[in-house]
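J.: Okay, predicted coordinates and the sequence, questions at the end:
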Protein chains: 2
Amino acid sequence: MSVQNDQTTAGAGRTIISVDAMGGDRGPATVVAGISESAQKNSDVGFILHGPRAELEALVAKRKPLLGRVEIRDATDVVKMTDKPSQVLRSGKNTSMWSALESVRTGEADVCVSCGNTGALMAMSMIRLRKLPGVNRPAIAILWPSHNPQGFNVMLDVGADIRADENDLLQYALMGASYARNGLAIERPRVGLLNVGTEEHKGRVELKAAHDLMAKVGPETNFDFVGFVEGGDIPGTVCDVIVTDGFTGNVALKTGEGTAHMISDQMRAAFSYSFLSRLSGLLAYSSLSRLKKRMDPRRVNGGVFLGLNGTVVKSHGAADATGIAAAVKLAFRLSQSGFSEKLAARVASATAQAKNAATDQAESSD
Amino acid sequence: MSVQNDQTTAGAGRTIISVDAMGGDRGPATVVAGISESAQKNSDVGFILHGPRAELEALVAKRKPLLGRVEIRDATDVVKMTDKPSQVLRSGKNTSMWSALESVRTGEADVCVSCGNTGALMAMSMIRLRKLPGVNRPAIAILWPSHNPQGFNVMLDVGADIRADENDLLQYALMGASYARNGLAIERPRVGLLNVGTEEHKGRVELKAAHDLMAKVGPETNFDFVGFVEGGDIPGTVCDVIVTDGFTGNVALKTGEGTAHMISDQMRAAFSYSFLSRLSGLLAYSSLSRLKKRMDPRRVNGGVFLGLNGTVVKSHGAADATGIAAAVKLAFRLSQSGFSEKLAARVASATAQAKNAATDQAESSD
């Protein structure tokens, strides 16, 4: 039963997103509420939803906007947050996560959305979708609130792999630039390489090598290389894409989140200090709400797995319906722009160029 | 001319801080204003001040609280922010920075304060003060605003060195714990090792080795080891000391600062959005000031260089008088607690223990 047969209203133009209904902290009802929110706002989106059929059918039936827009694929097992990736690879064939990736593998959908266990999702994506030719390490990219006009910067890798050599970092630059072009509509993204100082002589050996590679390859491909950037530039305006290894990127991401939480807690404490401060907090309510909306992590919900045959959007495990809808919106935008194919083509051409450059260099140094 | 002869009011009990008057972004007038603020609040502190004599004498003469509490050491040259460490080591003998470290080297002061160029200050400190026996890499420790009762956590290394192996990380744990005890009055600090996940099997090889070392050595020395922590725990309550290499630590520090600036800018924008929001901002003024004071980076001004024969407090280059006073307060507290000697003794005993443990292990594995 294909999506097209299921619903004559869908038409050929509808973009299909594969959604793992299970594995999130709030259960499938929240996922269904989220895709319903998406369907209501966007008539061009359709879904393949993976999980226990009876449970999902009941949930979908309650949501009018989903009428004729969802095909359910029965999957009885669920990947739990505590499951180890290795264990899931052995015994995960009947899980909703496996099934959701399968729809991307077969080409029924370009993009898959899951709010399940990150490690398991990455391991399963690598096995089922396989890496793009020329990519050694896939990466997880996120959108970081920034002072740039587009409102966000792309940062990668935030935790797919704890290592990255200069070639991996170059791949991250290419993939991050493609993501910025397709996800944030930046014609020619500026890429920065995260380091502890902006002088060219500073930092680790692989960073110096990556610096030289990016400076050479950038102008010939799809980005402008701005050189080394520092932690303070992640929300800044000197670049649109920040490239780093998955260890450093993950620490930076969690430090940023922790700092934001800390300030928000302190702000709450400051406004509940006395009667007068509570009153002033009440009066400041709309200003604070505007701020909160601007910095709302739910609005940028979705780490994107790059470097695979197909795109996977990892929604936050604790995402509510609004968070799920944001992840679906991102998946829709990437699917519609043909991101998966464009990225594959870009990586293939850059890999060829890098090989040529390496050959040229070897010849010239003879 | 010694400090004691200079002023009969000083007495033997006055704690002498060596202060580099030059090299900060705001010049020596700000440094003198800062130490004057300190002198006014604390009658037990005295200073050796380093820089061009005539200029400093004029500045000090204008500050009543400094009467009879400052000895000036003439130094004609200044280390500039743009100077490279290697260059400063060759030609820096007549700088105020060199002179300020000299007072610690000779034992006239336990602690030195400078707001000059970090790289140059670290390089010069290594050459003049030398590393403590048993320390391979000195580290820079900072205080990070936290939810813990003491209000701050210690994090190190934030940028002395971009590398750290398991033995360096163990040294950082010992030194950070000593700093937390003497600087924050925490009887038995809890130490966490920064990683990308809290499971023991995760992360880089040297982190696993450091994990095992700390678990073994911690209980026998001066800290409780809580295991791996994540970026979000840096301002959190699971530990008091966060240990990491200088690359990761520097990125985390600058990311945290960048995030805080971003939020503060957004907050300003939110409160200037309309007439009503400006009015509410005005009414919320005292709440916001309280928050600002709580999070004020000037209150925790001072990265501390650990692992040298003597302690160096690196104040922020852009520090104002309040920032300088905060750095002096920290230097005073560390000097008074006998921190330099205690740290040296702690490192010596731990080095001996680690050697014994290594020997035991080698024997038991035979």
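T.: Looks like it came in fine. Residues are numbered from 1 along each chain as shown, chains lettered A, B, ... in the order given.
J.: quick one: low-confidence ranges for the stretch 1-150 of chain A?
T.: Residues of the stretch 1-150 of chain A meeting the criterion pLDDT under 70: A:1-13.
J.: Helices along the stretch 201-350 of chain A, start to end?
T.: Using DSSP state H, counting those that start in this stretch, the helices found in the stretch 201-350 of chain A span residues A:205-217, A:246-271, A:275-283, A:285-295, A:321-336, A:339-364.
J.: So for residue B:65, which of those sits nearest?
T.: The closest of these to residue B:65 is helix A:246-271. By C-beta to C-beta, the value is 32.5 Å. All C-beta spots, glycine's among them, are computed from the backbone N, C-alpha and C.
J.: can you give me the angle that closest one makes with helix B:205-217?
T.: On the basis of axes from the mean of the first three to the mean of the last three C-alpha atoms, to 10 degrees, helix A:246-271 is oriented at 60 degrees to helix B:205-217.
J.: my read: residue A:207 touches residue A:228, true?
T.: Yes - between residue A:207 and residue A:228 there is a contact under C-beta atoms under 8 Å: 7.5 Å.
J.: tell me, what's touching these two both at once?
T.: Between them, residue A:207 and residue A:228 share these contacting residues under C-beta atoms under 8 Å, 6 or more residues apart in numbering or on different chains: A:193, A:195.
J.: Look at the two and report which has more neighbours.
T.: Shown here are residue A:207 and residue A:228; by other C-beta atoms under 10 Å in any protein chain shown, residue A:207 has more neighbours (23 against 20).
J.: check contacts around the residue in the stretch 101-250 of chain A that chain B sits nearest to.
T.: Of all residues in the stretch 101-250 of chain A, residue A:231 sits closest to chain B, at 2.9 Å by C-beta to the nearest C-beta. Contacts for residue A:231 (C-beta under 8 Å, 6+ apart) come out as A:194, A:252, B:250-258.
J.: Now do residue A:86 against residue B:168, distance only.
T.: Going from residue A:86 to residue B:168 by C-beta to C-beta, to the nearest Å gives 31 Å.
J.: Name the residue in these two with the higher neighbour count.
T.: Legend: neighbour count by other C-beta under 10 Å for residue A:86 and residue B:168, higher for residue B:168 (23 against 10).
J.: Look at that one and give its secondary structure.
T.: Per DSSP: H, G, I helix; E, B strand; the rest coil, the local secondary structure of residue B:168 is helix.
J.: which non-adjacent residue is nearest it?
T.: In this structure, residue B:168 finds its nearest non-sequential neighbour in residue B:137, 4.8 Å apart by C-beta to C-beta, 6 or more residues apart in numbering or on different chains.
J.: Could you do residue A:122 as well?
T.: In space, and not counting its chain neighbours, residue A:122 is closest to residue A:160: 5.7 Å by C-beta to C-beta, 6+ apart.
J.: check contacts around the one you found.
T.: By C-beta under 8 Å, 6+ apart, residue A:160 lies in contact with A:122, A:137-140, A:246, A:305.
J.: same thing but at 7 Å, please
T.: Neighbouring residues of residue A:160 by C-beta atoms under 7 Å, 6 or more residues apart in numbering or on different chains: A:122, A:137-140, A:246.
J.: Over to residue A:247?
T.: Residues in contact with residue A:247 (C-beta under 7 Å, 6+ apart) are A:162, B:196, B:204.
J.: ok, so what distance separates the nearest residue to the first one once chain neighbours are set aside from residue A:55?
T.: The spatially closest residue to residue A:162, leaving aside those adjacent along the chain, is residue A:247, at 4.3 Å (C-beta to C-beta, 6+ apart). When distances are taken as C-beta to C-beta, residue A:247 and residue A:55 turn out to be 39 Å apart.
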